[in-house]
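J.: Pasting the sequence and the predicted coordinates here, then a few questions.
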Amino acid sequence: MKAGTAFTREERNFIESHRVARLATADAQGRPHAVPIVYALVDDVFYFIVDEKPKKTRRGLKRLRNIAVNPHTAVILDDYDEDWSRLAYLLVEGIAVQVDEPGLYDNVLQALRRRYPQYERMPLTPERNPIVRITPTKRHFWRAHLGTPARR
């Protein structure tokens with residue numbers, strides 16, 4: 001997306017109506033990796049946190065290692081229905097980086113906690129729980145009943 005380009009109202013409603021997305025990353029050799037994430041959209045930028053759910057390691061997670069060597073990512077949200085006239089998806093390509101600014105970390109954490117009350121019970125800190133920002137560079141929104149819109 002060009003600088004200053006925001007999601008449309010329909011795209012934003014689609015994003016806000018979904019609780020989970022899929023994050024795709026790739027390592028330095030281009031090997032893909034996809035995982036479900038929960039997220040917050042703040043100022044047309046996606047954020048997710050490495051939370052306290054059981055994981056082998058937090059900072060050594062494959063998604064974080066991939067982002068460190070290849071920040072190009074994709075996030076997809078979709079609607080599936082047996083009635084294929086109700087299919088829809090939003091594919092967002094972007095650049096991912098870990099959030100280091102303390103004020104931004106706190107603001108995003110509050111947005112995530114508003115969206116997911118489960119985070120209220122987790123003692124999330126920058127040292128243990130990195131937050132990742134995904135700045136969109138391109139998007140494609142499609143609904144079966146609308147046909148395929150132009151790329152943005």
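T.: Noted; the coordinates are in hand. Numbering: from 1, shown residues only.
J.: from here on, contacts and neighbour counts on C-alpha atoms
T.: Will do.
J.: center of the protein, which residue is that?
T.: Among the residues of the chain, the one closest to the centroid is residue 46, at 4.7 Å (C-alpha atoms, centre = their mean).
J.: Make sure that residue is actually in contact with residue 131.
T.: No. Using C-alpha atoms under 8 Å, residue 46 is not in contact with residue 131; the gap is 10.3 Å.
J.: Let me know whether residue 131 touches residue 39 as I believe.
T.: No. Taking contacts as C-alpha under 8 Å, residue 131 lies outside contact range of residue 39: 10.1 Å.
J.: Show me the common contact partners of the two, please.
T.: Shared contacts of residue 131 and residue 39 (C-alpha atoms under 8 Å, 6 or more residues apart in numbering): 47-49.
J.: Tell me how far the lengthiest strand in the chain lies from the chain's centre.
T.: Determined from DSSP state E, the single longest strand within the chain is strand 131-143. On the basis of C-alpha atoms, centre = their mean, to the nearest Å, strand 131-143 is displaced by 7 Å from the centre of the chain it belongs to.
J.: still on that earlier bit, now, among the shared contacts of residue 131 and residue 39, which is nearest to residue 19?
T.: Distance to residue 19, by C-alpha to C-alpha, is smallest for residue 48 among those, at 12.0 Å.
J.: That closest one and residue 75, how far apart?
T.: Using C-alpha to C-alpha, to the nearest Å, we find residue 48 at a distance of 11 Å from residue 75.
J.: Helix, strand or coil: sort out residue 128 for me.
T.: When classified by DSSP: H, G, I helix; E, B strand; the rest coil, residue 128 comes out as coil.
J.: Give me the pLDDT for it.
T.: Note for residue 128: predicted pLDDT of 91.
J.: what number of residues lie near it?
T.: The tally of other residues near residue 128 (other C-alpha atoms under 10 Å) stands at 14.
J.: quick one, phi psi at it?
T.: Dihedral pair for residue 128: phi -100, psi -20, per degrees, to the nearest 10.
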